[in-house]
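Engineer: Provided below for reference: sequence and predicted model.
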Amino acid sequence: MSRTMSQSKPAIVKHDTLFDKPFTTPLDKAARFSFDEQVVACFPDMIRRSVPGYGQVLAMLPIFARRHCKYRQQGDNGQRVSRVYDLGCSLGAASMTLAGEFEPQDLQIKAIDISPAMTTEATTLLSDNYSEHDIEVITADIRDVVLEPCDMVILNLTLQFLPAADRVAVLEKIYAALSEGGILVLTEKTHAFDEQYDAWLVERYYDFKRANGYSEMEISGKRNALENVLITDTLDEHHARLDQVGFKRHLTWFQFLNFVSIVAFK
């Protein structure tokens with residue numbers, strides 16, 4: 001059963017000003033981006049102004065879930081549920097979007113993130129807004145977690161932060177855990193193989209950030225901080241990897257500049 005509207009409580013969103021000041025030391029300039037308390041405090045604003053189409057991707061998750069979550073698993077109370085994994089959950093936006101559209105007894109959601117700062121805040125937000133839902137927030141590296149059988153896995157802007165050598169193993173684990181008829185929703189920042197196309201997409205992405213109020217200093221600072229932390233693949237590489245781990249059907253259902261979302265069917 002689905003809910004007609006989300007019941008989440010409004011939150012005070014801090015403006016993202018992490019990179020609005022010049023670097024004062026070489027160490028400042030070399031500092032790597034991390035999902036710490038500073039990032040957590042402004043993360044909703046950062047995502048809104050930095051990720052084209054993020055809201056549209058979230059809005060489609062319940063629509064996909066209604067088609068593919070067929071209550072193939074058993075909950076702790078013995079009732080049939082659909083288990084959903086939100087891997088790299090950050091503040092739990094995907095989990096909250098699903099909870100807002102399904103009855104508490106319908107889904108068992110496991111939201112996992114490696115950042116204690118993220119999971120601490122996600123736990124508070126989810127318990128404040130959806131205390132009746134079966135949502136477990138887990139602080140762990142998704143590479144180390146054993147996945148139970150599930151109907152849906154959400155991997156939103158997460159694979160890109162893993163070492164390239166570890167990505168196949170994570171996808172293999174997801175494929176093995178999904179029930180027949182289940183889906184993976186994979187959303188990533190990408191780069192184009194053609195250098196001219198890629199340069200155009202990158203510059204339009206920076207235009208997007210400028211239009212959302214980021215200064216040249218902030219754009220440059222964020223780019224430097226993410227260097228060697230966020231490693232993108234091409235769209236073809238993503239699809240080839242999905243083929244490699246066993247997904248025979250997968251398609252790009254959404255693209256906005258250099259951000260894409262893929263749905264893969266078990």
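Structural biologist: Looks like it came in fine.

Engineer: what about stretch 237-251, average pLDDT?
Structural biologist: Across stretch 237-251, the average pLDDT comes to 98.

Engineer: immediately after the helix or strand that contains Arg83, which helix or strand?
Structural biologist: Here Arg83 is covered by strand 80-87, with elements defined by DSSP states H and E. Proceeding N to C from strand 80-87, the next assigned helix or strand is helix 93-99, under DSSP H and E.

Engineer: in terms of contact count, name the helices or strands touching that following helix.
Structural biologist: Helix 93-99 is packed against helix 54-68, strand 80-87, strand 107-113, helix 116-129, with contacts defined by 3 or more Cβ pairs under 8 Å, 6 or more residues apart in numbering; DSSP states H and E. All C-beta atoms are positioned from the backbone trio N, CA, C, and that covers glycine.

Engineer: Of these, which is nearest Phe193?
Structural biologist: Nearest to Phe193 among the helices and strands packed on helix 93-99 is helix 54-68; the distance by Cβ to Cβ comes to 23.2 Å.

Engineer: Name every strand pairing with the helix or strand following that closest one and say which way it goes.
Structural biologist: Proceeding N to C from helix 54-68, the next assigned helix or strand is strand 73-74, under DSSP H and E. Sheet pairing of strand 73-74 (DSSP bridges) gives strand 80-87 (antiparallel).

Engineer: Okay, angle between the partner strand and helix 54-68 too, please.
Structural biologist: Using axes from the mean of the first three to the mean of the last three Cα atoms, to 10 degrees, the direction of strand 80-87 lies 150 degrees away from that of helix 54-68.

Engineer: what is the mean pLDDT for strand 80-87?
Structural biologist: Across strand 80-87, the average pLDDT comes to 97.

Engineer: What residues of that strand count as buried?
Structural biologist: 81-87 (16 or more other Cβ atoms under 10 Å).

Engineer: any chance of the residues you listed in CSV, with distance to Phe43 too?
Structural biologist: As requested, these are arranged in CSV below (distance: Cβ to Cβ, whole Å):
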residue, distance to Phe43
Val81, 29
Ser82, 27
Arg83, 26
Val84, 21
Tyr85, 20
Asp86, 15
Leu87, 17
